[in-house]
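Asker: Fold the stuff below for me.
(one chain, ligands or ions: 1)
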Amino acid sequence: MTQFSETSPIFEREEVLREEHYPDDLPERKGEMDDLHMSLAPAARGVGANNVFLHGKAGQGKTAAAQAKLSELQHHAEEESDHLNLTTCYVSCESHDLSTSYKAASRIYQELTGETRPTGYATDVVMDMMFEAMNDIGGTIIIVLDEIDTLGDDDRILYSLPRARAQGYVDDHVFPSIIGISNDLQWRDNLSPKVKSSLYDDSVLFSPYDATQLQQILRRRAAKAFRDTDLVPVDGPEPSRPADDGDESDSSDDAADSSDDAAPPSADATATASPSTESRSTASAATVEPEANEGRSPEALSATTDTVASDEAEQQTDATIEGTPVQVDNSGQEYIFRSEILTDDVIPLIAALSAQDTGDARQAIKYLRKAGELADKSDEPMVAAEHAREAQALVEREAVVEAMREMTTQAHLALAALTALELSGDAPVRAKPIYGVYKSIASEVDADKLGQRRFKDHLRELDMQGIADGEKVAAGSIGGPAWQYQLQVDTEIAVEVLKDTTRVANINFKTIGDDRSLP
Ligand SMILES: Nc1ncnc2c1ncn2[C@@H]1O[C@H](COP(=O)(O)OP(=O)(O)OP(=O)(O)O)[C@@H](O)[C@H]1O
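Answerer: Alright, predicted model coming up:
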């Protein structure tokens, strides 16, 4: 008998908290979705979509918005339009390491034709092949280039693709356009004016989510992901379902879901309140679980609502649900978020932690999933604030380790020097002695030695990445401000990462640190 189990007492549908789960609608991004709609609307009118650039920090829903709008346009093409012939193509420049126009064009060719990526041709030839593939397909072709900044300054494709019609690269019956997505604002600003003007007919900025928006996003996800957790509409003039948060289950799953989800809540669950310091209200239990409605027609939805409501009326005439009404979308409808798995403070805490950081929805969702996993791992029946805090620490640690792994050789050498001094018990330590150790290590591994000034830039970089902690201390002997550094990550983690990097893998940090006689 193994320790594995097919079910979890915490999660009902854990996959909803995975990064690859994309919602069908993003109520927090209504303005941005409307702007994107304006850019794509010409496609429905048969004249091709505008080129559009979506920018903003990581985890702000840019990719999700592009995918949701394109699937709406696809639906329009398939179900409503008699003339829109639409082809969409999503290419992640970062995941496919598309750092040149050549690689990007060959990937687009592959996506459009289903053939293998062309190799060994000149860039011009591959671009021609890409345009030829577009001619064969015809109609409106929208290419999403995610993490477009990976292309660096090789902007040829960014100049040619958006101007393909004007330049005669494609036939008259082809309307190609680009949705470019980036979280690197500097890259965009540095583009050559000709690329800027051809690539960006329109641009849409995604600003960081605030804590209230993150709470909405988390509640919608949590209601689907965790057991015994749901959103119960508070009776109001116009009860409606909250925004669809992307259910990929097929229709048979939906049916199965609906029979489960539509079941009246247990008397226990209905009676429990979510304690809160805010004003509390009591909602009558008009219970159709919002997420169970996905994919159903309005008629079916209303029939289900009626049935459940009348079942409720028969079985629990005086049933009430207490809690603080919350909104989870833009409809004005209020809900009671009810959970027997999440304590009341978990979602507000995670939303606050993420909002204080970068307002990143991906990060917030990850904290929530990790918190659930931690509770699950320790066989605890509820996910509590301490799990959320622990999850945050874990995720941050993972991010720092990732950042350490991706550093350049010189940054690894700077980290190795500081790690050696940490191990010899000399940290916090000033930049000068770290530089001395750095030079010894650089000699030992036969690497270039940077001058002291450039080396200090690497120390500052380690500080900015949260790997080291730099502190200004009393002026040095010459009078200028002096800095001292210590590792901010566990020394063992730093050693582990450094041992994995080929250049410094064989260094004995302990001896190097011990050998130094520090001033
Ligand atoms: N308003 C929202 N409602 C529900 N989920 C959201 C929302 N915004 C973002 N997400 C979720 O957060 C995660 C990150 O979103 P997305 O990939 O769209 O961000 P992004 O802005 O493209 O980030 P990056 O630039 O890092 O690629 C995804 O899982 C997405 O489903």
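Asker: What are the boundaries of the strands in the stretch 301-450 of the chain?
Answerer: 320-323, 325-326, 335-339, 429-430 (DSSP state E, counting those that start in this stretch).
Asker: same deal with the chain?
Answerer: For the chain, the strands defined by DSSP state E occupy 52-56, 86-92, 139-146, 174-182, 202-206, 229-233, 281-284, 320-323, 325-326, 335-339, 429-430, 468-473, 482-487.
Asker: weakest of those in terms of mean pLDDT?
Answerer: Confidence, taken as mean pLDDT, is least for strand 281-284 of the strands of the chain (a mean of 46).
Asker: burial of whichever residue of the stretch 201-350 of the chain sits closest to the ligand, as a residue count?
Answerer: Minimum separation of the stretch 201-350 of the chain from the ligand (CB to the nearest ligand atom) falls at residue 217, amounting to 4.3 Å. Glycine gets a C-beta too; all of them are placed from N, C-alpha and C. As a burial measure, residue 217 scores 26 neighbours (other CB atoms under 10 Å).
Asker: wouldn't it be in contact with residue 361 here?
Answerer: Yes. The pair residue 217 and residue 361 qualifies as a contact (CB atoms under 8 Å) at a distance of 5.4 Å.
Asker: which residues do those two both contact?
Answerer: residue 209 (CB atoms under 8 Å, 6 or more residues apart in numbering).
Asker: Show me which residues of the protein sit near the ligand.
Answerer: By CB under 6 Å from any ligand atom, the part of the chain that sits against the ligand consists of 19, 21-23, 26, 28-29, 58-64, 183, 206, 217, 245, 361-362, 365.
Asker: Let's see which of the residues you listed end up in helices.
Answerer: Using DSSP state H, the subset of the residues of the chain next to the ligand located in helices is 62, 63, 64, 217, 361, 362, 365.
Asker: Check whether residue 30 really touches residue 329, as I assumed.
Answerer: No. Contact status for residue 30 versus residue 329: not in contact, 9.3 Å apart, counting by CB under 8 Å.
Asker: what residues are up against the nearest residue to residue 99 once chain neighbours are set aside?
Answerer: Counting by CB to CB, 6 or more residues apart in numbering, residue 99 lies nearest to residue 150, which is 5.7 Å off, once chain neighbours are set aside. The contact partners of residue 150, taken as CB under 8 Å, 6+ apart, are 93, 94, 97, 98, 99.
Asker: What residue, apart from its backbone neighbours, is nearest the third one spatially?
Answerer: The shortest distance from residue 97 to any non-neighbouring residue, by CB to CB, 6+ apart, is to residue 103 (7.1 Å).
Asker: and what of the second one?
Answerer: Closest residue to residue 94 in three dimensions, ignoring its sequence neighbours and counting by CB to CB, 6+ apart: residue 147, at 3.8 Å.
Asker: tell me, how many neighbours does that neighbour end up with?
Answerer: Other residues near residue 147 come to 19 when the count uses other CB under 10 Å.
Asker: re the thing from before, using CSV, lay out the strands of the stretch 301-450 of the chain together with distance to residue 2 and mean neighbour count.
Answerer: CSV is the format used below for the strands of the stretch 301-450 of the chain (distance: least, CB to CB, whole Å; neighbours: other CB atoms under 10 Å):
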stretch, distance to residue 2, mean neighbour count
strand 320-323, 39, 19
strand 325-326, 40, 19
strand 335-339, 30, 24
strand 429-430, 48, 18
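Asker: hang on, the earlier thing: give me the buried subset of the residues of the chain next to the ligand.
Answerer: Buried by 16 or more other CB atoms under 10 Å: 21-23, 26, 28-29, 59-64, 183, 206, 217, 245, 361-362, 365, out of the residues of the chain next to the ligand.
Asker: rewinding a little: might one say that the residue nearest to residue 94 is in contact with residue 96?
Answerer: No. Here residue 147 lies out of contact with residue 96, judged by CB under 8 Å, at a distance of 9.5 Å.
Asker: circling back to that earlier point, got the contact list for the residue of the stretch 201-350 of the chain closest to the ligand?
Answerer: With contacts defined as CB under 8 Å, 6+ apart, residue 217 is in contact with 28, 209, 361, 364, 365.
Asker: do you know how far residue 155 is from the ligand?
Answerer: Counting by CB to the nearest ligand atom, to the nearest Å, the gap between residue 155 and the ligand amounts to 19 Å.
Asker: For that residue, grab the count of nearby residues.
Answerer: Considering only other CB under 10 Å, residue 155 is surrounded by 19 other residues.
Asker: Ok, residue 378 next?
Answerer: By other CB under 10 Å, the residues close to residue 378 number 9.
Asker: so how far is residue 371 from it?
Answerer: Distance, residue 378 to residue 371, using CB to CB, to the nearest Å: 11 Å.
Asker: Ok, residue 215 next?
Answerer: Counting by CB to CB, the gap from residue 215 to residue 371 is 15 Å.
Asker: List the contacts of residue 140.
Answerer: Going by CB under 8 Å, 6+ apart, residue 140 touches 43, 48, 49, 84, 85, 86, 87, 175, 177.
Asker: Likewise for residue 76?
Answerer: Per CB under 8 Å, 6+ apart, neighbours of residue 76: 44, 84.
Asker: Show me how this structure divides into domains.
Answerer: 15-206, 209-227+342-405, 230-340, 407-515 (automatic domain parsing).
Asker: Low-confidence ranges, the stretch 101-250 of the chain, go.
Answerer: Counting by pLDDT under 70, the stretch 101-250 of the chain contains low-confidence residues at 236-250.
Asker: all helices of it, in order?
Answerer: 101-113, 123-137, 156-160, 185-190, 193-199, 211-225 (DSSP state H, counting those that start in this stretch).
Asker: returning to that earlier point: list just the nearest of the contacts of residue 217 to residue 108.
Answerer: Among the contacts of residue 217, residue 361 lies closest to residue 108 (CB to CB), at 28.1 Å.
Asker: distance of the closest one from residue 159?
Answerer: Distance, residue 361 to residue 159, using CB to CB: 33 Å.
Asker: same deal with residue 93?
Answerer: With CB to CB as the criterion, residue 93 and residue 159 are 16 Å apart.
Asker: The two: who's more crowded?
Answerer: Between residue 93 and residue 159, counted using other CB under 10 Å, residue 93 has the larger neighbour count: 23 against 18.
Asker: Ignoring the adjacent residues along the chain, who's closest to the more buried one?
Answerer: residue 150 (3.9 Å).
Asker: Verify the stated contact: residue 214 with residue 361.
Answerer: Yes. Because the distance of 6.5 Å satisfies CB under 8 Å, residue 214 is recorded as touching residue 361.
Asker: tell me, what's touching those two both at once?
Answerer: Both residue 214 and residue 361 are contacted by residue 354, under the criterion CB under 8 Å, 6+ apart.
Asker: Show me which positions of stretch 129-137 end up buried.
Answerer: For stretch 129-137, the neighbour count (16+ other CB under 10 Å) marks 129, 130, 131, 132, 133, 134, 137 as buried.
Asker: rewinding a little: how many residues are close by the residue nearest to residue 97?
Answerer: For residue 103, which is what you asked about, the neighbour count (other CB under 10 Å) is 21.
Asker: pretty sure it contacts residue 94?
Answerer: No. Distance between residue 103 and residue 94: 11.7 Å, which falls outside the contact criterion (CB under 8 Å).
Asker: For residue 215 and residue 371, indicate the residue with more neighbours.
Answerer: The neighbour count for residue 215 versus residue 371, taken as other CB under 10 Å, is higher for residue 371 (29 against 23).
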